[in-house]
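Trainee: could you look at this predicted model? Sequence included:
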Amino acid sequence: MKTATLVLAWRQFLRGLRAGEHRTLIAALTVTIAALTAVGLFAGRVSGLLNSEANNLLAADAVVSADQPLPAALRQAAEARGLTTSQTQTFPSMVSANGDAALSTLKAIAGPYPLRGTLTLNAGRGDYTVDAAPAPDVVWVDDRLANRLRLKVGDAVRVGRLEMKVGALIVREPDIAVDFAGLQPRLIMNAEQLPQSGLIGFGSRIRYRLLVAGEAPAVAQWRAEVDQQLTRGQRLEDVRESQPQVRRALERAETFLRLVTLLAATLAGTAVLLAARRYSAKQADAVALFVTLGATRARIRGLLLAELALIFGLAAALGGAIGWLTQEALALLVRDNLPDALPLPTPWPWLAACALGLVLLAGVAGPTLMQLARTPPARVLRRELTAPARLWLSLLVTLGAAAAVFLWVAGDARLALYVAGGIVGAVAVSGLVGWLLLWLVSRFANGFAARIALRQLARRIWLSAAQLGALAVGLLGLWLLTAVERDLLSAWERRLPADAPNVFAFNIQPDQARAFQDALTAGQVKDAVLQPMIRGRWVERNGQPVQPRGYDDERARRLAEREFNLSWGEMLREDNRLTAGKPLAGEGWSVEAGLAETLGIRLGDTLTFDVAGTRVAGKVVNLRTVEWDSFRVNFFVVGTPAMFADAPTSLITSFHLPPERRAEVAQWSRAFPNVTFIDVGEVLGEVRRVLGLSASVLRLVFVFCLAAGVVVLLAALETSAPERRREAAVLRALGAHSRQIAAIQWWEGALIGATAGLVAGLAASVTGWAVGRQVLELPVSFNAWLPLASLLAGLVLAGGVTLWERRRLSRESALGLLRDPS
Amino acid sequence: MLEAQGLGKHVVAANEALDILADVSFGLPAGASLAIVGASGSGKSTLLSLLAGLDAPSRGTVRLAGEELGTLDEDGRALLRGRVAGFVFQSFQLLPELSALENVMLPLELAGRRDAAQVAGQWLDRVGLAARRDHTPRTLSGGEQQRVALARAFAPGPQVLFADEPTGSLDTHTGERVADLLFELNAASGTTLVLVTHDERLAARCGARLRLAAGRVIEQVNA
């Protein structure tokens, strides 16, 4: 491109800025980039916080555990990346005091602890937190051990060969839920004392853990590196894997945030589309004049591109700044609800938003402007001449760009598909309904204003259709946001009631079932249903031995390797839903759909499990989804009673116990010594934190997106303003009263508004319902009121714009309007 | 300077072939002036756009400043126009967002002239609008707008000026003043003038005349 062209483009850009010619396009692009930057930055930061909060359950950002001492190289690799490390060893051992002894889980700590989350203690003067192991001669015990051995702070306990002092009671231990040994009374000690204690010897069942924490990218790199080096018996622990409830909650929060970003992108894209149309319409005369004055096509293209690039650059800078400020403001607003400070923002969301803005601009405005470059010079003599439209090209590029943007933002093909389906459906149906409505009203309308309005709408049918489509998409975005906020989010909140189970009890023997249930009933615990549970190793699939190493996916490998908790029962539980196959009867397996997908198990496969030496085989009869976050007992694989007739069975149950009555677990534990109790209160609390945090953040982002949406709607209604004003001017010149003109405009606005409103409401109801059911897997019901409310909103919006225009019209003379309708 | 041979334009409208211009031939030496006259729809503006290379003829040839337009593509014709032609239109064709000065600067900037602002200022002064250089077209009267357009047309020093009904949007008095200015500047610059008009008095001020009716020449007075 020649310097002269660049200089001219720069001057034209400055002149356009001063004259307000680029205003709409710059505003639309700025809003796009600002909205996506703000939402992206904020969502990213919240998501980072949610993940690091979830990592509290690991007491670190990443953990490698093994049944053998871990090689020093792993720790050195972490430290070389600037990460903080710590090591723990967990093992069962007898602890004695006051003439009594109890089997406990001991955790010996070397280094800082915890690296994430808090370890809360109480030594009689209120709760406090610590961040390192106790002094060498001090131990910390939990209330179960204290109850069992009647211990107080300051008492002496014997651990192996050593006598140590109780320094404090453990109130909250971050990684207790992940730590398998959460079942037994607990004791924390300093790892320095281990050699003298004589606790570690041949055959000790020790779990060695290396805890790592630091900057997220460094942790991710270390994880990837370690994953390659793991040998048998070593594994990377992951909250998402060990706690499916937390995984589901995090996934859902991410999907919600992506959905909102997607809707923001849709609204913004619509705004850019409308602005680009107005921009190119305004440029047509200038381009024709340039060609007449001797500019070549290449030069015109260069000019338009350079000017567009300058507009984009300005919008990117402005949008970035506004987006950054907005997300800072959002962060400030939720600060008090957050458990911790949000991680620092990165420039990526801004760059992504800019790229997105560019794709939208290139896809939507590009073809229109390139078409402009072909404007025939004779247009300066005859206005009606325009460049021959390459509609298919514009359509193709726009659709391609929109699809790319959708997939990118959604990060999930299914989510993109549902929302895109809703939008395409809304546009198609609004075209059809609009046409029908025009036809119907034109048959029955007999007032002057209605007839003129209809004739005008019909005359610029494509503009009317584009306006109707844009308005429908804008309203759809708004309604989807409302549906997400009102229906989906509350469905999620309802999913986790205040009395969700927080204690699991297992290893209950069949002959204890009655007594156990009686004990729970006496303790006023309701809804505790005992279910059979059998441990089994998966050995064959369709007669072929299972080879965990054959799976590429790390999670699949681990799932295939470990023992399964199997159960039986022909009734489908209320929090399970059949997705394929038929209900269990006779013999066969019912497999959780997610597990089946990870392990490649299909309907009709024969699975064989080794249950205490006996092989139990059956065909997969159905696949089902499980609401893991219901916190009720659930199983990946369920068989039928007939298959387990002779198998050694125990029972498992879950129930809700108010936190203040936690000590009762110790009583039941004494009454049923073989029964193991797991307190999942921490995990439940974590899921609640994810939910609460997501909900408050999402509601805030919704408000922001709603505001952006209203701007888009106003822009959509404004899009035919110059045409309407020109018509109004002609009518006024012919003697029409301003009330008659207003009535004509009202009819026009009302027809478009009501149609778009109705269609958008219907599409939003269907899309919201589908996304809720299929993507978020929440029990959402169809919102039948939305279409009606949407129709009314369309009418009110159109009425508002008409009123506003009427005021403007009443101030201007007919001549002024005829001369410059824009 | 300008020469047309057997010029014709053929269009197909509503499945019907239509000769909107047929068999126009004339020659115009440098510095001369030609009026193309005729009623509305007689083909005047079509002829002007063919002569200026704004549109391509169906038949015949045009030679402008020694260049055969038929041998040039769209871009070639644009470059030629930029070099030798100036334009004045009935509807002024000023860009509404630019000031009077910026409108006059536009063709100079397109030609890459560094002295665009200075030259444009001088021409605004010549058409008597120095005081209104920063006004946008919206705030100028019709006569003033056309004077800005005249300044824009003459500023790059064109060899040929094409004027399409330059007084068509103005009242008689204003139209006369603009026409006076047009002829005065034309004489001073020695520009060849091609003027489309239906105003006989204006046409009479040109040396040569071409009268069209239904796309055909019915009267031809050579310079």
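Mentor: Yep, it's here.
Trainee: just the strands in chain B please.
Mentor: B:2-13, B:16-28, B:33-38, B:59-64, B:67-68, B:85-88, B:160-164, B:192-197, B:208-213, B:216-221 (DSSP state E).
Trainee: mind listing what's buried in the helix ranked longest in chain B?
Mentor: Longest helix in chain B, counting residues (DSSP state H): helix B:172-189. In terms of neighbour count (16 or more other C-beta atoms under 10 Å in any protein chain shown), helix B:172-189 has its buried residues at B:Thr174, B:Gly175, B:Arg177, B:Val178, B:Ala179, B:Leu181, B:Leu182, B:Phe183, B:Leu185, B:Asn186, B:Ser189. In short, each C-beta sits where N, CA and C put it, glycine included.
Trainee: what is the burial count for residue 11?
Mentor: You didn't pick a chain, so chain A it is. A:Arg11 has 17 neighbouring residues, counting by other C-beta atoms under 10 Å in any protein chain shown.
Trainee: wait, I meant chain B there
Mentor: 12.
Trainee: ok, B:Glu97 next?
Mentor: 21.
Trainee: gap between it and chain A?
Mentor: Distance, B:Glu97 to chain A, using C-beta to the nearest C-beta, to the nearest Å: 3 Å.
Trainee: one step back: just checking, what packs against the longest helix of chain B?
Mentor: helix B:142-154 (3 or more C-beta pairs under 8 Å, 6 or more residues apart in numbering or on different chains; DSSP states H and E).
Trainee: so what does the helix it packs on touch, helix or strand wise?
Mentor: For helix B:142-154, the packing partners by 3+ C-beta pairs under 8 Å, 6+ apart are strand B:85-88, helix B:100-110, helix B:116-126, strand B:160-164, helix B:172-189.
Trainee: angle of it against helix B:116-126?
Mentor: Here helix B:142-154 points in a direction 130 degrees away from that of helix B:116-126 (axes from the mean of the first three to the mean of the last three C-alpha atoms, to 10 degrees).
Trainee: now helix B:142-154: how far from the chain's centre is it?
Mentor: Distance, stretch centre to chain centre, for helix B:142-154: 12 Å (C-alpha atoms, centre = their mean, to the nearest Å).
Trainee: okay, angle between that helix and helix B:100-110 too, please.
Mentor: For helix B:142-154 against helix B:100-110, the angle by the same axes, to 10 degrees is 20 degrees.
Trainee: just the residues contacting helix B:142-154, thanks.
Mentor: Around helix B:142-154, the neighbours that count as contacts under C-beta atoms under 8 Å, 6 or more residues apart in numbering or on different chains are B:86-89, B:92-94, B:100, B:103-104, B:106-107, B:120, B:123-124, B:126-129, B:132, B:137, B:140, B:161, B:163, B:166-167, B:169-171, B:174, B:177-178, B:181-182, B:185, B:189, B:191.
Trainee: switch to 6 Å and redo it
Mentor: B:86-88, B:92, B:94, B:100, B:103-104, B:123-124, B:127, B:129, B:137, B:161, B:169-170, B:174, B:178, B:185, B:189 (C-beta atoms under 6 Å, 6 or more residues apart in numbering or on different chains).
Trainee: with stretch A:506-516 instead?
Mentor: Stretch A:506-516 is contacted from outside by A:Leu530, A:Ser650, A:Leu651, A:Ile652, A:Asn674, A:Val675, A:Thr676, using C-beta under 6 Å, 6+ apart.
Trainee: beta partners of the last one?
Mentor: Right, A:Thr676. A:Phe506 (DSSP bridges).
Trainee: which residues of the stretch 251-400 of chain A fall in helices?
Mentor: Here the stretch 251-400 of chain A has its helices, by DSSP state H, counting those that start in this stretch, at A:297-334, A:348-360, A:366-372, A:391-410.
Trainee: on that earlier part again, include mean pLDDT when you put the helices and strands packed on helix B:142-154 into JSON lines, please.
Mentor: Compiled in JSON lines, those are given as follows (pLDDT from 0 to 100):
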{"stretch": "strand B:85-88", "mean pLDDT": "89"}
{"stretch": "helix B:100-110", "mean pLDDT": "88"}
{"stretch": "helix B:116-126", "mean pLDDT": "92"}
{"stretch": "strand B:160-164", "mean pLDDT": "91"}
{"stretch": "helix B:172-189", "mean pLDDT": "86"}
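Trainee: the ones you listed: which one's closest to A:Gln228?
Mentor: Smallest distance to A:Gln228 across the helices and strands packed on helix B:142-154 (C-beta to C-beta): 62.0 Å, for helix B:100-110.
Trainee: tell me what angle that closest one forms with helix A:297-334.
Mentor: If you take the same axes, to 10 degrees, helix B:100-110 sits at 120 degrees to helix A:297-334.
Trainee: which strands and helices sit next to helix B:100-110?
Mentor: Here helix B:100-110 touches helix B:116-126, helix B:142-154, going by 3 or more C-beta pairs under 6 Å, 6 or more residues apart in numbering or on different chains; DSSP states H and E.
Trainee: can you list the buried residues in the first one?
Mentor: I take that to be helix B:116-126. B:Ala116, B:Ala117, B:Val119, B:Ala120, B:Gly121, B:Trp123, B:Leu124, B:Arg126.
Trainee: run through who's touching that helix.
Mentor: With C-beta under 6 Å, 6+ apart, helix B:116-126 has contacts from B:Leu101, B:Val104, B:Met105, B:Leu108, B:Glu109, B:Ala130, B:Arg133, B:Ala151, B:Ala155.
Trainee: from those residues, pick the one nearest A:Ala645.
Mentor: Nearest to A:Ala645 among the contacts of helix B:116-126: B:Glu109, at 93.8 Å, using C-beta to C-beta.
Trainee: which residues touch residue 193?
Mentor: Looking at chain A here, since you left the chain open. Residues in contact with A:Gln193 (C-beta under 6 Å, 6+ apart) are A:Pro136.
Trainee: hm, I was asking about chain B
Mentor: B:Ser33, B:Leu161, B:Asn186.
Trainee: what of A:Ala110?
Mentor: Counting by C-beta under 6 Å, 6+ apart, A:Ala110 makes contact with A:Gln87, A:Ala191.
Trainee: likewise A:Ala38?
Mentor: A:Gly323, A:Thr326, A:Gln327.
Trainee: from the centroid of chain B, which residue is nearest?
Mentor: By C-alpha atoms, centre = their mean, chain B has its centre lying nearest to B:Phe162, at 1.8 Å.
Trainee: these two touch, right, that one and B:Val88?
Mentor: No: B:Phe162 is beyond contact range of B:Val88, at 7.4 Å (criterion: C-beta atoms under 6 Å).
Trainee: from chain B, which residue is nearest to chain A?
Mentor: Proximity of chain B to chain A (C-beta to the nearest C-beta) peaks at B:Gly82, 1.8 Å away.
Trainee: just give me the neighbour total for that residue.
Mentor: The burial count for B:Gly82: 21, using other C-beta under 10 Å.
Trainee: now B:Ala204
Mentor: B:Ala204 has 10 neighbours, counted by other C-beta under 10 Å.
Trainee: any residues of chain A in contact with chain B? List them.
Mentor: Listed as neighbours of chain B in chain A under the rule C-beta under 6 Å from any C-beta of the partner chain: A:4, A:8, A:15, A:19, A:21, A:286, A:289, A:291-297, A:377-378, A:380-381.
Trainee: which ChimeraX command selects the buried ones in those?
Mentor: A single ChimeraX command selects the buried members of these (16+ other C-beta under 10 Å):
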select /A:8,15,19,21,286,289,291,292,293,294,295,296,297,377,378,380,381
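Trainee: apart from its neighbours in sequence, what residue is nearest B:Ser40?
Mentor: Computed as C-beta to C-beta, 6 or more residues apart in numbering or on different chains, the closest residue to B:Ser40 that is not its neighbour in sequence is B:His198, at 7.1 Å.
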